[in-house]
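> What shape does this take:
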Amino acid sequence: MPVQYIGEEFTFRNPDGTEIKVRGWGGQFAAVFETMDGYTIAKDPQTGIFHYATLSPDGTALEPTGPPVSDAAPEQFAMPRHLRVTAKAARAQARAAQDSTGVRPRWEIRRDERLRRARSAPGQEGEPTEEGLQAATTGNYVGLCILVQFPDVLGTIPSQDVTDFCNQVGHTGFGNNGSVRDYFRDVSDGQLTYTNAVTAYYTAQHNRAYYTDPGVAYGTRARQLIIETLDHLKAQGFNFAQLTADGSGFVRALNVFYAGPSVNNWAEGLWPHSSALGSPYIATSTRKFSDYQITNIGSQLTLRTFCHENGHMICDFPDLYDYGSQSNGVGHYCLMCGGGVEHQSHTGLRLSQEFRRMGLVAAPDRHRPSPHGRGGAQRIPHPPQKHDRIFHHREPPQDRPRCRPARRGHRHLACRRKRLE
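Just a heads-up that it's a prediction; the model follows:
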């Protein structure tokens, strides 16, 4: 799923076009948003207008019963700040949103299969070790990156710039610290080369407003757009055989960039997200599609979200945060959680060393010097400090929920924190 929001800034819009600057916490399945001065907001589902929120009596819902955000200062009405639903309610909301998609991403299925094999290995009890897991993702992988524009919103970033962003060795465009290929080479100690086949711009059949319509169930028009583009590529004789597929013939990575800014509010229209198609798209007798991620190009290309989503699709990495935002997981310390604060979006944060310990990332070859650093050391935004926290990742047992209360107020089952001594 997408990078977790930890106080990230967004611009929301009311139906009359007025804009609201907000900060968000959460992710694709559950999130909470506050005005820049800390007042929680909620959208009226009938009018689409954002109001200052109040908490339901049982603490399970944020209700849009305060004044509209654009109409009055909240302090005039003694509105409380930083409202949150209960952790149990947040978990339930996230689970319901996840279940409503009706499909599971292939990367989750592959990861579960990996864990089942590890737990059923002879002599294996409890937490899997790297000996019990299959080999890490190494070698050469090729994904597909589709560029989309609309009849009324044309692409402004040339396709060659996107190709360089994905594949060029030593890429520095848009202030990035290397390309996507460079990033995965760095964090795998040079043992994974991941490139993308980048298409020319496809012009969608409808204007942008058709796909961003907030009245249509979230994700519906995104999947429609993706199928449009795949139909077009198929008709043009695109070489799908060049794309890396898993053992069941599913292409590992489908990335879709659409022209222009994101004009939707959270969880509406083409709000950036990752998911899976409702049913497999059959491209050829040996290649089909399910998993995808879609996001707007905007005015620049950055590594953070793109690398996070491909960490799922290429490497089967799990998210290291709670989908209900009961905790911040490992926060900004790993790409598969917050992935770094906004100014680090061009850097691509180092991966948690637990991925290496569990065999999900290739171990460095100690018998040869590596030009890529030890596990992408140059990706660390700052050197470790005395009071920094170390996070230890554990896969939760399959018969338990992803998250549960833990000692010392830390609510993320998959992480244990220790202070550096």
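> Point out where the stretch 1-150 of the chain drops to low pLDDT.
Low-confidence segments of the stretch 1-150 of the chain, defined by pLDDT under 70: 1-2, 121-135.
> Stretch 291-302: end-to-end distance?
21 Å (C-alpha to C-alpha, to the nearest Å).
> May I have the phi/psi pair for residue 200?
For residue 200, the backbone dihedrals (degrees, to the nearest 10) come out as phi -70, psi 170.
> quick one: the strands in the stretch 51-200 of the chain?
Secondary structure of the stretch 51-200 of the chain, counting by DSSP state E, counting those that start in this stretch: strands at 54-55, 62-63, 139-149, 192-203.
> what sits up against the helix or strand just after the last one?
Taking DSSP states H and E as the definition, the helix or strand that follows strand 192-203 towards the C-terminus is helix 208-211. Contact partners of helix 208-211, identified using C-beta atoms under 8 Å, 6 or more residues apart in numbering, comprise 150, 152-153, 204, 221-222, 224-225, 260, 263, 269-270. Every residue, glycine included, has its C-beta placed from N, CA and C.
> got these as CSV, with distance to residue 319 and neighbour count columns?
Below are the contacts of helix 208-211 laid out as CSV (distance: C-beta to C-beta, whole Å; neighbours: other C-beta atoms under 10 Å):
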residue, distance to residue 319, neighbour count
150, 31, 21
152, 35, 11
153, 31, 18
204, 30, 22
221, 25, 18
222, 20, 23
224, 26, 15
225, 25, 23
260, 27, 20
263, 26, 17
269, 23, 22
270, 22, 24
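> contacting residues around the residue lying farthest from the centre of the chain?
What lies farthest from the middle of the chain is residue 76; by C-alpha atoms, centre = their mean that is 38.2 Å. Residue 76 is in contact with no residue at all, counting by C-beta under 8 Å, 6+ apart.
> at 10 Å what do you get?
residue 67 (C-beta atoms under 10 Å, 6 or more residues apart in numbering).
> got it, and residue 290?
By C-beta under 10 Å, 6+ apart, the contact list for residue 290 reads 103-107, 109, 246, 248, 250-251, 254, 275-281, 313.
> Mind checking which of those are in helices?
In helices, defined here by DSSP state H, the members of those are 106-107, 109, 313.
> ok, so of those, who is nearest residue 29?
The closest of the ones in helices among the contacts of residue 290 to residue 29 turns out to be residue 107 (C-beta to C-beta; 16.0 Å).
> all helices of the stretch 201-350 of the chain, in order?
Ranges of helices within the stretch 201-350 of the chain are 208-211, 220-235, 303-315, based on DSSP state H, counting those that start in this stretch.
> Work out the gap between the longest one and the centre of the chain.
I take that to be helix 220-235. Offset of helix 220-235 from its chain centre (C-alpha atoms, centre = their mean, to the nearest Å): 21 Å.
> by contact count, what packs against it?
For helix 220-235, the packing partners by 3 or more C-beta pairs under 10 Å, 6 or more residues apart in numbering; DSSP states H and E come out as strand 139-149, strand 192-203, helix 208-211, strand 254-258, strand 273-282, strand 288-296.
> can these go into JSON lines with extra columns for distance to residue 83?
Converted to JSON lines, those look like this (distance: least, C-beta to C-beta, whole Å):
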{"stretch": "strand 139-149", "distance to residue 83": "37"}
{"stretch": "strand 192-203", "distance to residue 83": "42"}
{"stretch": "helix 208-211", "distance to residue 83": "32"}
{"stretch": "strand 254-258", "distance to residue 83": "33"}
{"stretch": "strand 273-282", "distance to residue 83": "25"}
{"stretch": "strand 288-296", "distance to residue 83": "29"}
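> which of the ones you listed sits most buried?
For the helices and strands packed on helix 220-235, the largest average neighbour count (mean count of other C-beta atoms under 10 Å) is found in strand 254-258, namely a mean of 25.
> circling back: tell me the two of the ones in helices among the contacts of residue 290 that are most distant?
Maximum distance among the ones in helices among the contacts of residue 290 (C-beta to C-beta): 12.1 Å, for 109 and 313.
> give me the number of residues near residue 9?
Using other C-beta atoms under 10 Å, the number of residues around residue 9 comes to 11.
> typo on my end, residue 57
8.
> could you list every residue that touches it?
residue 63.
> what is the mean pLDDT for stretch 285-298?
Stretch 285-298 carries an average pLDDT of 97.
> residues contacting residue 288?
For residue 288, the contacting residues are 106, 240, 245, 248-251, 277, 279-282, by C-beta under 10 Å, 6+ apart.
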